[in-house]
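Engineer: The following block contains a protein sequence and its predicted model.
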Number of protein chains: 2
Amino acid sequence: MTKPLRADARRNRDALLAKARELFADGHFDMRFDDFAKLAGVGTGTLYRHFPTREALAEAVYREELAAICAHGRELRATRPAADALAAFLRGFVTHLHNHQGLARTLATLMAAREGTLAEGGQELTLVISELLAAGVEQGTIRADVGAGAVMLTLQGLCAAHDQPHARTDADGAITLVLDGLRRD
Amino acid sequence: MTKPLRADARRNRDALLAKARELFADGHFDMRFDDFAKLAGVGTGTLYRHFPTREALAEAVYREELAAICAHGRELRATRPAADALAAFLRGFVTHLHNHQGLARTLATLMAAREGTLAEGGQELTLVISELLAAGVEQGTIRADVGAGAVMLTLQGLCAAHDQPHARTDADGAITLVLDGLRRD
DNA sequence: TAAAATATGGAGACGGTTTCCGTTTGTCAA
DNA sequence: TTGACAAACGGAAACCGTCTCCATATTTTA
């Protein structure tokens, strides 16, 4: 599965990721792709070998962060009533997006992607949400006629709009609607 | 305001729009920008003079369509209880998007745009929705603590996801959540 | 330590975008 | 009408980011 990587290859890959993380954190998302390579001190070819596209790089940068979010979602589901867990998860998601612009930007792309490794991240998130919904249906606190896709679609909106003026307020409002709309009580 | 346009200029502009409409209707959204010019029988420079960017062209193509949608929304507001009008408007919007991929694609861009003429289209839609909401608040059928931005954000999600597998089902679900979440009764 | 396997780097090809300016077309006043 | 001026045209060529290719270098294996 996970093919063993040659020493220099791993070193270069890590250098690229580190530099990308640094630049993303500073809000530099739109660099010339080649420049990532230059700044990381590797050749253009090396960059392309490790990350064929800009999105692949972003995906690698945020993979762990997204996995952590999903893990947090599962933990919530295991330790709280489903409706509470869902609310906490979505509210936390909004806050996290608000504090991590790069993640929002990346997720907007990931969710739009329909094939390949890129889509995986989005699918894991969908899975977590559908588990939360299923638990809520089981507990009778969440309606059964709306699927995880509908919620994901709202999240996609949040991500796509993350850099608009009233993004935070609007995002909070949208999540409120989703939560109240889902509630069955 | 509306500067008088020279005869040949108007002719070329119309040819460009007509060809773009035709191509968009056939699902050809990703043409080389130059080719619009060639296909419309005008020079590259002429294309750029009339529509500086791809988005400007798309915006011009769908401007009337969007205006019609907004007009329809206002008409609904004037002739029905606000909650009904809002539901009809949003449901209709989903159906319309589903039947007009090009509009969805264009709106996704328009809504993301934050400045210039491009943003205008998005703003008019926001305005219509906030009028519908305001009417509902007045009539006591819609909650007052969530703004039009929250709804727009969901619509942005619909547009961004319009070409995904379960887009229609998910869109219907998301709108259901928005409507039920907004209802105050 | 030599051969095989893997990875590197960066020059340059590629292709879409955009500008620039000499020519054409339309407008308007006389 | 016609002449002069302004507005618009067209498309060749400059521009610029992306991506490939391969001679060279590094690591691994035997």
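Structural biologist: Here it is on my side, so go on. Numbers count the residues shown, from 1 in each chain, chains lettered A, B, ... in the order given.

Engineer: Distance from the chain centre to the longest helix along chain A, please.
Structural biologist: Once chain A is assigned using DSSP state H, the helix that runs over the most residues is helix A:54-79. Its chain's average C-alpha position is 6 Å from that of helix A:54-79, according to CA atoms, centre = their mean, to the nearest Å.

Engineer: Next, the buried residues of that helix.
Structural biologist: Burial within helix A:54-79, assessed by neighbour count using 16 or more other CB atoms under 10 Å in any protein chain shown, is assigned to A:55, A:57-63, A:66, A:69-70, A:72-73, A:76-77. All C-beta spots, glycine's among them, are computed from the backbone N, C-alpha and C.

Engineer: cool, and stretch A:18-26?
Structural biologist: A:Lys19, A:Ala20, A:Leu23, A:Phe24.

Engineer: ok, the second one - contacts?
Structural biologist: Taking CB atoms under 8 Å, 6 or more residues apart in numbering or on different chains as the criterion, A:Ala20 is in contact with A:Phe36, A:Ala40, A:Leu57, A:Ala58, A:Ala60, A:Val61.

Engineer: Assumed it was part of a helix.
Structural biologist: Yes. Read with DSSP: H, G, I helix; E, B strand; the rest coil, A:Ala20 is one of the residues of a helix.

Engineer: nearest spatial neighbour of A:Phe33, skipping sequence neighbours?
Structural biologist: Nearest residue to A:Phe33, sequence neighbours excluded (CB to CB, 6 or more residues apart in numbering or on different chains): A:Arg54, at 5.6 Å.

Engineer: if we can go back for a sec, could you give the mean pLDDT of the longest helix of chain A?
Structural biologist: Averaging pLDDT along helix A:54-79 yields 96.

Engineer: Mind checking if it is in reach of DNA strand C?
Structural biologist: No. Helix A:54-79 lies out of reach of DNA strand C by CB under 7 Å from any atom of the strand, never closer than 14.3 Å.

Engineer: contacting residues around the following helix or strand past that helix?
Structural biologist: Going down the chain from helix A:54-79, the next helix or strand is helix A:82-99, by DSSP states H and E. With contacts defined as CB under 8 Å, 6+ apart, helix A:82-99 is touched by A:69, A:72-73, A:76-77, A:79-80, A:103-104, A:107, A:128-129, A:132-133, A:135-136, A:138-139, A:141-142, A:151, A:155, A:158-159, A:162, A:167-168, A:171-172, A:175, A:178-179, A:182-183.

Engineer: cool, stretch A:60-78 as well?
Structural biologist: A:17, A:20-21, A:24, A:51, A:84-85, A:88-89, A:92-93, A:96, A:100, A:102-103, A:106-107, A:121, A:124-125, A:127-129, A:131-132, A:135.

Engineer: how close does A:Ala144 get to chain B?
Structural biologist: 12 Å (CB to the nearest CB, to the nearest Å).

Engineer: just A:Arg13 next, same as before
Structural biologist: Taken as CB to the nearest CB, the span from A:Arg13 to chain B is 31 Å.

Engineer: which ones are touching the closest residue to A:Ala15 other than its chain neighbours?
Structural biologist: Nearest residue to A:Ala15 in three dimensions, chain neighbours excluded: A:Ala40, at 4.6 Å (CB to CB, 6+ apart). By CB under 8 Å, 6+ apart, A:Ala40 lies in contact with A:Asn12, A:Ala15, A:Leu16, A:Ala18, A:Lys19, A:Ala20, A:Leu47.

Engineer: got those residues as a markdown table, with pLDDT columns?
Structural biologist: Listed next are the contacts of A:Ala40 as a markdown table, based on pLDDT from 0 to 100:
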| residue | pLDDT |
| --- | --- |
| A:Asn12 | 98 |
| A:Ala15 | 97 |
| A:Leu16 | 97 |
| A:Ala18 | 96 |
| A:Lys19 | 96 |
| A:Ala20 | 96 |
| A:Leu47 | 98 |
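
Engineer: Report the separation between the residue nearest to A:Phe33 and B:Arg114.
Structural biologist: 22 Å (CB to CB, to the nearest Å).
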